[in-house]
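> test case, fold it:
(one chain, ligands or ions: 1)
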Amino acid sequence: MITPRRISLTRAPDLAAFRTTLTDWILALSYAQARDTCVLVPTRAAAEQLRRTVEDRALSEQRSAVVWPVLTTRRDIYDELASRLAAPAKLLSPFEREVLLAAAARAVTASGLTLPYEARPALVAEMLALYDLIRRLGRSIDDFERNFRNELEKEQDTDRGAARLLEQTTFLAAAYRAYETRLAALDGCDEHGLRERLIREAAVRPVQRVIVSVADRLAEPDGIWPADFDLLSRLPALEQVDMLCTEGLLAAGFIERLYASFPDIESGAVTVARRVRPVLVTPPPPPATTTAGTHDAISANYRDREEELAAVASRLKQDRRDGTASPLHRTALVVRRPLPYLYLARDVFADAGVPFETLDTLPLAAEPYAAAVDLVLDAVAADFTRASLLALVRSPHFDFGADPAAIAASDFALAEARYLGGLDRLARVVGQWSAVTAPASREERRRQDALPCVQPLLEAALALQPLCRLAPLVEHITTLTDWLLRFDRTPAEQEQTRSRRLRVRGAVLGALTALKRAYDRHDPAAQGDAATLSAAIRRWLGSQTFAARTGSAGLQLVDAQSARYGEFDDVQIVGLIEGEWPERTRRNVLYPSSLLSLLEPLPAIADPTQRERDALNSARAQFRDLVLSAGQRVRLSAFALEHDAVVEPSVLLDDVAGFGLVTAVHEPASSRIAYSDAVALEPRRAEVLIGDAAAWGALRLSDDRRAPTRLIGDAGAWRLPRVSISRLELYLNCPFKFFAAQVLKLEEPPEDESIQTPLERGRFLHELWERFFDEWETRGHRRIDPDLFDEARRLFAEISERALSTLSPAEAALERQRLLGSAVDPGIAHRVFAMEASRPVAIVNRLLEFPLEGAFVFHAKDGTARTVPLNAKTDRIDVLADGTIRVIDYKSKNTPDMKVALQLPIYARLAREVLQRSGRGSVSLGEALYLSFEGNRPVVPLRPPKGQTLDDVIADAEERALRALDRIAEGQFPVRPLKKSLCSPCSFRAVCRLQIVEAEEDAADE
Ligand code: SF4
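This next block holds a predicted model:
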């Protein structure tokens, strides 16, 4: 028998009256009543806001205590009711339900029915969501199958989409039934089974009153469903149901739906008076010449969310200065989705010194420890590449016992070893490095430095290796959990984030344990590899939230649902853009809304268009309630860019003009907002900074008598340890790049190379040509003229093959083509042969890798001379039959700009001098040229400009080299690239701040 109950509706004129009524009801409860009363709110954050509102009221009325009813969400009330049964029902966790459904779906597949696609973990979650939707609408699986079949069978012969949906319906109905059968066999139930039990069985201590302060699921995402209305109508021993709602929301269509669900509901209005409306604070009116619309007149429009928050901080500070500020705990920033604002608020409000607080739960996956678990899964999925292993070892959440120097050395050493992944290869690398007891070269020393990091990393990676195999998911989760515990880095006592990190780690490990238990209990046969495991874990961590109270008491950052329960004097509704206000409804991925309408129990909303209209009207009503709920002032703001995409203002802003609000214009503050402004804007004041930052700021701002030139490249005297012409050429190309590479010795980040590095390839080519010309001259040949092309090519091919055998087959094939050419490119050999063939003078001798060592006197244009010690090698000198020499500099690709080229003219001069010193008598320079192996121009000779000689070009190079040496000795390293094109492949872009330097120079020019 159903207990007779009183179901009533209380209509509040606005949210202030809504809160007052709710607070009155709660404060009026006796101890015995409160124990058996549930107050339904949309979220846990909303419950906390309500708790504060009630406490404030109790304090203001000097009550000694508040007897709390059960403040609960729709999801949590099921747990509460279950706990009151004689044999408390055990509700399955969401983990367990998904695993159970996945197992049921696999069993259905094994019986011969198939889905038109693969049931990945995310899809199983969608299937479960559809099951919940069917059941919460009060429908059975038979209803679902019958309705959908009837509809789809009409179209299946003419519409392939309908045929696929029919196949999907047959499968899903079978899977849902299998799920229900498995569920029935278990000691546990889901929300739907529990609902049936709650209606069937009397509770030991029944709930006698339910206060419902949420609307239905069409009006709000956490609203109640038809099945919940049914439960409230039939729950044994429930005596009273009080629905509380604002007039606006009822008028937006909820009243019809409510009467359809509770035909006998009694209705009454609140006697609390409507509150005085707040003042709408607007930005200054746009200039008459702009095409701004009404939105711009009532809402401030910012560039992005960050600028919007910075303006909030600025305004709060200005209000504080003007004495018009409300207390921060009575000031609210209302957001639709807390997450994007929460991340920004941490930085923006911290920098501005504005304390803030939020009560929302955060996605667990967004916590750093959860992201670290992702790194582990990434390393397995990437087959332990260098980058993925380095990311693991650099994570602050794991401890492999490696120090930072060993980690940095590992990065370079693994790249140099061309380690591209694979634990067999990593084990070989570690074995080879460990075998070297007396490292001789720089590379070997680096490997020794890297070993203390790479060895434990190998051990850690081997512990993860079982995840790469196909195995039961239970085993995989055990392997991963054990690994996370074994290599965990416990945060130090004094670390600020210690407590939060430990809580998040507990939550993540708890989620993994729950997932394992779910597989163990419901689907022990489920197998998978690393990809399956990653998908399951990411899906789970992605759906978990973490109750982390963020920030300290201060400005309240609240979501739109919680804001209804808080008393605030000053409210700013932020992020009023399309897609958020109102929130875009998520489409069902399995069926179109026209088909889902067949499940709707209320004829009034069976039409999808009507449902959309009702949802939009509800959003409008709730927005109006929110705008009018502020005690004193309300502000509205939007922004124009989200991740560089233009976004439109919310349509809800169109309604504001009709709210009948008095407006007050507020001029935005132009003062400094953030700590960074205190030291960036004049007058600069370091004393406002906090802690060490104040001392450091004072030091930086103190007059240290450094000349301004110290800030634009003047680094102080420095001595080049060994003069090298190629380094001087680097200086001429960009002094700062020289500084970064040679003075600071910054290393360019290593890259994974499956082929030879440019340096290794250069060495390979030089050695190849040395061997070829050696053999060529041994066979009695000198110059390669066109008649000897075939023979030269044959010999070169023969020698190349010996060299290519040292490379991997893939790299050898590529290199062979580059050396010997293809149908579209004649190849490197042809370029070298053609250069000789096109010069008729016979070659007497080729001097390859010729040393240019000693002290050389360089002459400046002012007539002074300087002795420069050099130890260089030139690629090639041809001694020619006419008594001259030809100096050749090989280049792999492009030849240098002749304006800064130093190597060729200076080597040409030194070659002549060294040959003369060696007793060859007078040697004259016939020619100097660059020979490019793969650049656009194969041969680029050193040509004097009109009216000059080669000696003039050489003298000019000497002058430039001396000037560069002087400037290096003075420590002049400005950011001044010779050409902008040099910057794009440069690794030091992040440190040279070219854009800032250029902007400063432009400003100085103006
Ligand atoms: S990016 Fe350009 S300016 Fe900066 S260091 Fe490199 S070459 Fe010089």
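
> drop to CA atoms for contacts and neighbour counts, all remaining ones
Noted.

> so which strand or helix has Phe171?
In this structure, Phe171 sits in helix 160-184 according to DSSP states H and E.

> can you name the element that comes right after that helix?
Sequence order places helix 191-200 as the next helix or strand after helix 160-184, per DSSP H and E.

> the residue in the stretch 701-850 of the chain that the ligand sits nearest to: neighbour count?
The nearest approach of the stretch 701-850 of the chain to the ligand comes at Lys737, 4.1 Å away (C-alpha to the nearest ligand atom). Counted with other C-alpha atoms under 10 Å, the neighbours of Lys737 add up to 27.

> surely it meets Phe988?
Yes: the pair Lys737 / Phe988 is scored as a contact, 6.9 Å apart, by C-alpha atoms under 8 Å.

> still on that earlier bit, ok and the helix holding Phe171 relative to helix 191-200, angle-wise?
Interaxial angle, helix 160-184 versus helix 191-200 (axes from the mean of the first three to the mean of the last three C-alpha atoms, to 10 degrees): 50 degrees.

> could you count how many residues lie near Asp897?
Per other C-alpha under 10 Å, the neighbour tally for Asp897 reads 11.

> so which residue of the stretch 351-500 of the chain comes closest to the ligand?
Phe412 (20.7 Å).

> enumerate every residue touching the closest residue to that residue other than its chain neighbours.
In space, and not counting its chain neighbours, Phe412 is closest to Pro750: 5.8 Å by C-alpha to C-alpha, 6 or more residues apart in numbering. By C-alpha atoms under 8 Å, 6 or more residues apart in numbering, the residues touching Pro750 are Asp411, Phe412, Ala415.

> one more: Ala615?
Counting by C-alpha under 8 Å, 6+ apart, Ala615 makes contact with Leu218, Ala219.

> what parts of this structure come near the ligand?
Within the chain, the positions lying close to the ligand (C-alpha under 6 Å from any ligand atom) are 734, 736-737, 975-977, 982-983, 986, 988-989, 992, 994.

> narrow those to those that are buried.
For the residues of the chain next to the ligand, a burial check counting by 16 or more other C-alpha atoms under 10 Å picks out Cys734, Phe736, Lys737, Val975, Arg976, Pro977, Phe988, Cys992, Leu994.

> so Gln208 makes contact with Glu239?
Yes: in terms of C-alpha under 8 Å, Gln208 counts as a neighbour of Glu239; the distance is 5.1 Å.

> what residues of stretch 340-354 count as buried?
Tyr341, Leu342, Leu344, Ala345, Arg346, Val348, Phe349, Ala350, Asp351, Ala352, Gly353, Val354.

> repeat for stretch 961-968
Residues of stretch 961-968 classed as buried by neighbour count (16+ other C-alpha under 10 Å): Ala961, Leu962, Ala964, Leu965, Arg967, Ile968.

> so Val241, which state does it fall into?
Classification of Val241 by DSSP: H, G, I helix; E, B strand; the rest coil places it in strand.

> give the contact list for it.
Contacts for Val241 were tallied using C-alpha under 8 Å, 6+ apart; they are Arg5, Arg6, Ile7, Ser8, Arg209, Val210, Ile211, Val212, Leu232.

> I'd like these as TSV, with secondary structure appended.
Supplementary listing: the contacts of Val241 in TSV, determined by three-state DSSP:
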residue	secondary structure
Arg5	coil
Arg6	strand
Ile7	strand
Ser8	strand
Arg209	strand
Val210	strand
Ile211	strand
Val212	strand
Leu232	helix
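
> from these, which is closest to Arg613?
Val212 (23.8 Å; C-alpha to C-alpha).

> among the contacts of Pro750, name the ones in helices.
Among these, DSSP state H puts Asp411, Phe412, Ala415 in helices.

> close enough to count as contact, the last one and Asp752?
Yes: judged on C-alpha under 8 Å, Ala415 makes contact with Asp752 at a distance of 5.5 Å.

> okay, and the common contacts of those two?
Counting by C-alpha under 8 Å, 6+ apart, the shared contacts of Ala415 and Asp752 are Arg386.

> ranges for the helices of the stretch 201-350 of the chain?
226-234, 247-249, 255-261, 294-298, 305-322, 338-352 (DSSP state H, counting those that start in this stretch).

> can you give the distance of the helix or strand containing Gln33 from its chain's centre?
If you go by DSSP H and E, Gln33 is part of helix 31-35. Remark: helix 31-35 is offset 49 Å from the chain centroid, using C-alpha atoms, centre = their mean, to the nearest Å.

> same question, stretch 349-360
Stretch 349-360 has its C-alpha centroid displaced from the chain centroid by 22 Å (C-alpha atoms, centre = their mean).

> residue contacts, Glu191?
Residues near Glu191 by C-alpha under 8 Å, 6+ apart: Tyr78, Leu91.

> circling back: what's the most buried one of the helices of the stretch 201-350 of the chain?
Stretch with highest mean neighbour count among the helices of the stretch 201-350 of the chain: helix 247-249 (a mean of 22; mean count of other C-alpha atoms under 10 Å).

> so where's the protein uncertain?
Scanning the chain for pLDDT under 70 picks out 1, 287-296, 496, 547-552, 669-671, 703-711, 753-754, 1004-1006.

> against which helices or strands is the helix holding Phe171 packed?
Taking 3 or more C-alpha pairs under 8 Å, 6 or more residues apart in numbering; DSSP states H and E as contact, the helices and strands that helix 160-184 lies on are helix 94-110, helix 141-153.

> format those as CSV; extra columns: distance to Leu15 and mean neighbour count.
CSV is the format used below for the helices and strands packed on helix 160-184 (distance: least, C-alpha to C-alpha, whole Å; neighbours: other C-alpha atoms under 10 Å):
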stretch, distance to Leu15, mean neighbour count
helix 94-110, 34, 21
helix 141-153, 39, 16
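
> is it possible to get TSV of those helices that adds distance to Val646?
TSV is the format used below for the helices and strands packed on helix 160-184 (distance: least, C-alpha to C-alpha, whole Å):
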stretch	distance to Val646
helix 94-110	37
helix 141-153	40
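
> and the buried residues of stretch 961-968, which of them are in strands?
Of those, none are assigned to strands by DSSP state E.

> tell me which of those residues fall in helices.
Counting by DSSP H, the buried residues of stretch 961-968 place Ala961, Leu962, Ala964, Leu965, Arg967, Ile968 in helices.

> give the contact list for Glu167.
With contact taken as C-alpha under 8 Å, 6+ apart, Glu167 is in contact with Thr114, Leu115, Pro116.

> thinking again about what came up before, nearest to the ligand among the contacts of Val241?
For those, the nearest to the ligand is Val212 (63.1 Å; C-alpha to the nearest ligand atom).

> which strand residues bridge the closest one?
Leu40, Met243 (DSSP bridges).

> that one against Leu244, yeah?
Yes: if you go by C-alpha under 8 Å, Val212 and Leu244 touch, sitting 6.1 Å apart.

> joint contacts of these two?
Common neighbours of Val212 and Leu244, counting by C-alpha under 8 Å, 6+ apart, are absent.

> what helices and strands are in contact with whatever helix or strand Ala518 lives in?
For Ala518, the element it lies in under DSSP H and E is helix 498-522. In this structure, helix 498-522 packs against helix 94-110, helix 368-381, helix 473-486, helix 530-543, with contacts taken as 3+ C-alpha pairs under 8 Å, 6+ apart.
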